[in-house]
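# Below is the sequence, then the predicted model.
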Amino acid sequence: MQVLNLIVAFLVSLVLVPLNKKLSIKLGVVSIPRERDAHKEPTPRMGGLSVAISFIASVIIFMFFTQEVNIQKCIFILIGAAVLTVVGVIDDIYQIKPYQKMAGQIIAIVLAIIGGVNIRFLVWDTPGAIAILVKCVNVFGTIFWTLGMINAINLIDGLDGLSSGLSIIAAISFMVIAVTNGNTLAMLLAVSIAGATLGFLAYNFHPAKIFIGDTGSMLLGYTLALIALETGFEYLDVVCFAAPITILAVPIFDTAYAILRRLVNRMPISEADKNHTHHKLMRKGFKYRTVVLILYAFAICFGFTGVCISRTQSTKFISLAIILILILICFIYEKKDKKSIAEEKRKKAK
């Protein structure tokens, strides 16, 4: 049944993307190349709408054929996904303000929480003030984690096929864990998002015919974050936390590094720059597709390690994850080149 789900999500997305491209052009939702962008030609940027439609449709269809799936939780997750899709479409068309976009993200996350998705940091069964405090900590942790992943996928969406490919690899990794653990909801979500994104990737790999936009990147981050919550994050257990974080290590590392870099340089966290992981690799002389494939390779290694952590329940593989992070850091390390220094001088002159 899951194979059929994957095929249906893939085919629906594959059919919708060309229609989505025409709609984007008609509405004028086209990404014009900027100095920090890697693409050179104007490209439609609302491709995430086709991913969202195929994802939501396949989940609705197959949740009734998936045994022991929590229908109520699934419905609330889908409503949250629909809210996020609407916010993403509005942002892709009108470029809304960051706080408006974040408000939509929080609404989507709260809907998932109402449905029953939650980090289980702490457990306190006895009624009282402590139980309320524990619930608040869990809810806050859920919002913080999901918001972080939504924006992590959004930030790493800088090259053709990068965010979509990384998301597919992560979704497949989570699917393996879900199958092993017998978590039918996580399995359903992972298969559906993997199939929908794979259909889109056929048009998004370099040279991209369409971009995923905020509509798609936010949906991918939201879905992957919730799948991670379903497959891990229990009772402050190191292994349960390490597995999903390892699987999503590439976007998490890129975002953490970006935040740290901007804080050190006293820049606003939301300010864009050309020092993301993929930018550094391109400056080292790697070709466009090679950079994407290198990050795919790292994602596969992290995904495999995360699955091993989850299946073996051993901390030994956490050491491997740390080694992979160190290798990635060494791989992208660079001294300030002449171009970077010139750019900094121009900014200071302004």
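Happy to help now that I have it.

# CA atoms of the helix or strand hosting residue 179 as PDB?
Using DSSP states H and E, residue 179 falls within helix 162-181. The C-alpha trace of helix 162-181 is given here as PDB (Å, rounded to 0.1, in the frame of the first residue of the first chain):
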ATOM      1  CA  LEU A 162      18.700  21.300  -2.900                       C
ATOM      2  CA  SER A 163      15.900  21.700  -0.400                       C
ATOM      3  CA  SER A 164      13.700  19.200  -2.200                       C
ATOM      4  CA  GLY A 165      16.400  16.600  -2.600                       C
ATOM      5  CA  LEU A 166      17.500  16.900   1.000                       C
ATOM      6  CA  SER A 167      13.900  16.600   2.100                       C
ATOM      7  CA  ILE A 168      13.300  13.400   0.100                       C
ATOM      8  CA  ILE A 169      16.400  11.800   1.700                       C
ATOM      9  CA  ALA A 170      15.200  12.800   5.200                       C
ATOM     10  CA  ALA A 171      11.700  11.600   4.500                       C
ATOM     11  CA  ILE A 172      12.900   8.200   3.300                       C
ATOM     12  CA  SER A 173      15.200   7.900   6.400                       C
ATOM     13  CA  PHE A 174      12.200   8.700   8.700                       C
ATOM     14  CA  MET A 175      10.100   6.200   6.700                       C
ATOM     15  CA  VAL A 176      12.600   3.400   7.500                       C
ATOM     16  CA  ILE A 177      12.400   4.300  11.200                       C
ATOM     17  CA  ALA A 178       8.600   4.400  11.100                       C
ATOM     18  CA  VAL A 179       8.400   1.000   9.400                       C
ATOM     19  CA  THR A 180      10.700  -0.400  12.100                       C
ATOM     20  CA  ASN A 181       8.800   1.100  14.900                       C
END
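
# Against which helices or strands is that helix packed?
Contacting helix 162-181 under the criterion 3 or more C-beta pairs under 8 Å, 6 or more residues apart in numbering; DSSP states H and E are the following elements: helix 129-155, helix 184-204, helix 213-231, helix 238-247, helix 249-264, helix 288-312. Placement of C-beta: from N, CA and C, glycine included.

# what about 7 Å?
Counting by 3 or more C-beta pairs under 7 Å, 6 or more residues apart in numbering; DSSP states H and E, the packing neighbours recorded for helix 162-181 are helix 184-204, helix 213-231, helix 238-247, helix 288-312.

# Helix 213-231 and that helix, what's the angle between them?
20 degrees (axes from the mean of the first three to the mean of the last three C-alpha atoms, to 10 degrees).

# Least reliable of the helices and strands packed on helix 162-181 by average pLDDT, please.
Among these, helix 238-247 carries the lowest mean pLDDT, at a mean of 88.

# ok, and for that helix, which residues are buried?
239, 240, 241, 242, 243, 244, 245, 246, 247 (16 or more other C-beta atoms under 10 Å).

# Redo those as a markdown table? Include distance to residue 52.
Listed next are these as a markdown table, based on distance: C-beta to C-beta, whole Å:
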| residue | distance to residue 52 |
| --- | --- |
| 239 | 33 |
| 240 | 29 |
| 241 | 29 |
| 242 | 30 |
| 243 | 27 |
| 244 | 22 |
| 245 | 25 |
| 246 | 27 |
| 247 | 22 |
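
# how many neighbours does residue 313 have?
Under the neighbour criterion other C-beta atoms under 10 Å, residue 313 is assigned a count of 12.

# nope, residue 160 is what I was after
Quick note: residue 160 (other C-beta under 10 Å) scores 25 neighbours.

# now do the one 5 residues further on
Other residues within reach of residue 165, judged by other C-beta under 10 Å, total 21.

# I'd say it and residue 201 touch.
Yes - counting by C-beta atoms under 7 Å, residue 165 touches residue 201, with 6.1 Å between them.
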